[in-house]
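>>> sequence unknown, structure follows:
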């Protein structure tokens, strides 16, 4: 599919999703127009709304980038959620329980540990696939469960601080990411994401490693025939994918929540898949699709509080985006229909 | 009487006119050869008839009545059946089960397997097939699988059979049997269209010929004129100019051995796939490997390119043992043109330039210290597009947008330009039109004349005979015959390829 057609598909998918969302809104007795208006106002209406949207978008963008890298090498990493938890819990442990280090050492150390741990957790999926032929979808889902419940156990048990909420101790100041804006808080994690995006864009386009990733993802056998160590490339790329998701988790702990809160993720890993699909798996496009979803999510949170419109509407819309983008035939049909119409019109 | 008349069919693809007002008549009880180079539009035309592709313009008439064929279902209902080049069979099931799948005879809702078996057996008898109705597909050879595909079509009571390159995968003996089946079907009043680009076959079997080139019908031969038509005439219809089908310029084979294969033995699941394969290729020599597909040629190629690790691998390249991973093989000078380019040679969604360097990405020309030299890659790709006459607007064009022949040119360009010592070349011209094939042959000969060694694997026996200096015949993983080309007759090759021996011939020589 050509680039322009791809773009049309994405816009169409978005349009269809919002349309279906509107139908559901009205079926539930809300006025769709005022609901969308409220959501966009909630996401963009004033300075703090914009910052909340950005904050949401940042986390989702990490996950989207992580997913894109894995798809590029031909592995469908749906274990982002688990890798994010690994990054978050490792950042918590190293950030909250190591004392007396200056920020310049402590923060990089914490981030490095989160990267290594979540990267390894991610590459486990590729390793199982290559070594034992395990289906990456199944192993990833299982590894997600393991990490979700294991971290939950930790903050309900050994790492729990006094109080009713299942959460860890706060990370130390020396491990906290500074804020770009104080109220409401906007973490400098967004800078980490910006650097990562540029780095990944560069790696994919200009380096031999990026070339090897792309060939492997496009045609594994041809890559092998071309002397590329396919297994190694896959494991390394999925390591990177996992590490990016883990960094996202670490940023939540070190820059947003300040600690590990049980069940902090509203499914960010899955949001990542949605924004990556919406971005047409483009590293740059990911920024925009994450922004859009960030706005919708932040807006929905506000609307949920003020107008009592359930937050789940956004989840529905997001799901429909993924579903429609997952139906290429649907768009082929639409294109053909339109072409026929135009063709007949000309006659 | 039942005739099919395709009238003024037009089919456009973005940027290409695949069928340009093509008309063709298929008469009852005739074997009609649809001849043309790859990309001439033969398959597209037949797909239109079979309802797999929708024509932009034109009509189809059966016995003068206009019909609408929108899906293969419609075609089957009208008695049209198609046997595709790639078989679609369930390996773990029997011949009967495969034949009836989708059209099962039932008795009170339960499949009536006895009736099915009887019907299939009758058909096998009637048309001279050799498969057993109870055999499992996985135990059949390629020729027998093809029989099952034909049975499937016949079982759906087709009167018009379309066969897409039916002989491409068959040995000479299997071709003979296949032709016998065709004749019996014809005697039964059925009409067959065989899509082919093999000129010789047309004369053996066809009653009528339609020749296509670049989306148009360029010529045809009616039954009464078949005798008076020459191969050259048909070739001219096909390519528009007279081509040289074989050329045997004398040249000198070097005395130095380049590739010395002492022993390659490979077992898979306890089955011996390659058994003590050994041969030598000298500098400036082309060694052709003849054999029916599936007798170990693919594995031999994979072993020689480092993709497969056999139990025993004693191979020397210019006196030095060959070892390591594929990467190391490439670096040591093994060039590889894989048998199936879309599967093994190119990433079709990537650009020509990106495919042009595949296998040589470590080369200093293309990357240094982990960074790609995009400028140089672009420059070299553009040069090669020009030199090898690859029909593409620029080097960033995706390989998927090229025709088969041009895709293969990308593969050929990169391997020949990177000046390997030995070329392992598999199915070089599969799916490539005649003029491009001729072009590849001339490049291959030039390469040989530069003193390189070439291993040529092909299922096209004519190609092997035309190009090789020495021929090795493979059968069940063994080299069963290895001689200078001129010491073989075509018949001997056929016998060896299908498991026969030349004992008698040898005795004659001793006397």
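Thanks, I have it. Bear in mind the structure is a predicted one, so any value in this text is a computation, not a measurement. Numbers count the residues shown, from 1 in each chain, chains lettered A, B, ... in the order given.
>>> From now on I want contacts and neighbour counts done on CA atoms only, so please keep to that.
Will do.
>>> and the lowest-mean-pLDDT helix or strand in chain A with chain B, contact?
Between all helices and strands in chain A, the lowest mean by mean pLDDT, DSSP states H and E belongs to helix A:328-346, at a mean of 73. No: figure legend: helix A:328-346 not in contact with chain B (CA under 8 Å from any CA of the partner chain); closest approach 11.0 Å.
>>> Pull out the buried residues from that helix.
Judged by neighbour count using 16 or more other CA atoms under 10 Å in any protein chain shown, the buried positions of helix A:328-346 are residue A:331.
>>> contacting residues around that helix?
With contact meaning CA atoms under 8 Å, 6 or more residues apart in numbering or on different chains, helix A:328-346 is reached by A:9, A:324.
>>> ditto for stretch B:411-426
Counting by CA under 8 Å, 6+ apart, residues outside stretch B:411-426 touching it are B:258-259, B:301, B:304-305, B:330, B:333-339, B:341, B:345-346, B:355-357, B:360, B:384, B:388, B:440, B:447, B:452-458.
>>> Now do the contacts for residue 213.
Chain wasn't specified; assuming chain A. So, once contact is read as CA under 8 Å, 6+ apart, residue A:213 ends up touching A:72-73, A:204, A:233-234, A:237.
>>> I was thinking of chain B, sorry if that wasn't clear
B:36-37, B:40-41, B:237-239.
>>> how does it look with 7 Å?
B:36-37, B:40, B:238-239 (CA atoms under 7 Å, 6 or more residues apart in numbering or on different chains).
>>> in the sheet, who's paired with it?
Beta bridges link residue B:213 to residue B:216, judged by DSSP bridges.
>>> What's the separation between it and residue B:234?
11 Å (CA to CA, to the nearest Å).
>>> again with residue A:63
Separation of residue A:63 from residue B:234 (CA to CA): 61 Å.
>>> Among the contacts of stretch B:411-426, which ones lie close to chain A?
Among these, the ones lying near chain A by CA under 7 Å from any CA of the partner chain are B:345-346.
>>> pLDDT below threshold where in chain A?
A:1-2, A:328, A:343-347 (pLDDT under 70).
>>> out of all of them, which helix in it is the longest?
helix A:103-132 (DSSP state H).
>>> re earlier: going by neighbour count, which of the contacts of residue A:213 comes out on top?
residue A:237 (28 neighbours; other CA atoms under 10 Å in any protein chain shown).
>>> that older thread, got CSV for the contacts of residue B:213, with secondary structure, distance to residue A:133 and pLDDT too?
Listed next are these as CSV, based on DSSP: H, G, I helix; E, B strand; the rest coil; distance: CA to CA, whole Å; pLDDT from 0 to 100:
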residue, secondary structure, distance to residue A:133, pLDDT
B:36, strand, 43, 81
B:37, coil, 41, 71
B:40, coil, 42, 80
B:238, helix, 48, 76
B:239, helix, 48, 67
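>>> Residue B:278: how many residues sit nearby?
So residue B:278, with other CA under 10 Å, has 17 neighbours.
>>> which stretch of helix or strand covers it?
Assigned by DSSP states H and E, residue B:278 belongs to strand B:271-282.
>>> elements contacting the helix or strand just after that strand?
Note on strand B:271-282: by DSSP H and E, the next helix or strand toward the C-terminus is strand B:286-290. Packing partners of strand B:286-290 (3 or more CA pairs under 7 Å, 6 or more residues apart in numbering or on different chains; DSSP states H and E): strand B:453-457, helix B:461-467, strand B:470-475.
>>> ok, strand B:286-290: who's next to it in the sheet?
Here, using DSSP bridges, strand B:286-290 pairs with strand B:453-457 (parallel), strand B:470-475 (parallel).
>>> mean confidence score for the first one?
Over the span of strand B:453-457, the pLDDT mean works out to 95.
>>> And the contacts of that strand?
So strand B:453-457 is contacted by B:258, B:281-290, B:421-427 (CA under 7 Å, 6+ apart).
>>> How about stretch A:176-193?
Here stretch A:176-193 has contacts from A:48, A:51, A:55, A:58, A:62, A:107, A:251, A:254-256, using CA under 7 Å, 6+ apart.
>>> Same check on stretch B:460-471?
B:246-247, B:285-290, B:458, B:482-485.
>>> if we can go back for a sec, by mean pLDDT, show me the worst of the helices and strands packed on strand B:286-290.
helix B:461-467 (a mean of 85).
>>> For the stretch 201-347 of chain A, which segments count as helices?
A:208-218, A:220-225, A:230-251, A:268-278, A:285-306, A:312-325, A:328-346 (DSSP state H, counting those that start in this stretch).
>>> and if you look at the stretch 1-150 of chain B?
B:42-49, B:72-77, B:95-100, B:113-127, B:142-155.
>>> List the contacts of the single nearest residue of the stretch 51-200 of chain A relative to chain B.
Scanning the stretch 51-200 of chain A for the residue nearest chain B gives residue A:72, at 12.1 Å (criterion: CA to the nearest CA). By CA under 7 Å, 6+ apart, the contact set of residue A:72 is A:213-214, A:217.
>>> now it: how far from residue A:132?
22 Å.
>>> Same question for residue A:275.
Distance from residue A:275 to residue A:132, by CA to CA: 31 Å.
>>> Between the two, which has more neighbouring residues?
Legend: neighbour count by other CA under 10 Å for residue A:275 and residue A:132, higher for residue A:275 (32 against 9).
>>> Residue A:286 is in contact with the more buried one, correct?
Yes: under the criterion of CA atoms under 7 Å, residue A:275 makes contact with residue A:286 at 6.3 Å.
>>> Now the common contact residues for those two.
Counting by CA under 7 Å, 6+ apart, the residues touching both residue A:275 and residue A:286 are residue A:64.
>>> Look at residue B:189 and give its secondary structure.
Under the three-state scheme (DSSP: H, G, I helix; E, B strand; the rest coil), residue B:189 adopts coil.
>>> what's the closest non-adjacent residue to it?
In space, residue B:189 comes closest to residue B:29 once its chain neighbours are excluded; the distance is 4.4 Å by CA to CA, 6 or more residues apart in numbering or on different chains.
>>> Give me the buried positions along stretch B:404-421.
So stretch B:404-421, judged by 16+ other CA under 10 Å, has buried residues B:404-416, B:420-421.
>>> Among the residues you listed, which are located in helices?
Using DSSP H, the subset of these located in helices is B:404-416.
>>> Reformat those as a markdown table; add pLDDT.
Below are these laid out as a markdown table (pLDDT from 0 to 100):
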| residue | pLDDT |
| --- | --- |
| B:404 | 83 |
| B:405 | 86 |
| B:406 | 90 |
| B:407 | 92 |
| B:408 | 93 |
| B:409 | 94 |
| B:410 | 95 |
| B:411 | 95 |
| B:412 | 94 |
| B:413 | 94 |
| B:414 | 93 |
| B:415 | 93 |
| B:416 | 92 |
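>>> Let me have the residues you listed in CSV, extended by distance to residue A:121.
Converted to CSV, those look like this (distance: CA to CA, whole Å):
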residue, distance to residue A:121
B:404, 42
B:405, 45
B:406, 43
B:407, 40
B:408, 41
B:409, 43
B:410, 40
B:411, 38
B:412, 42
B:413, 42
B:414, 39
B:415, 39
B:416, 43
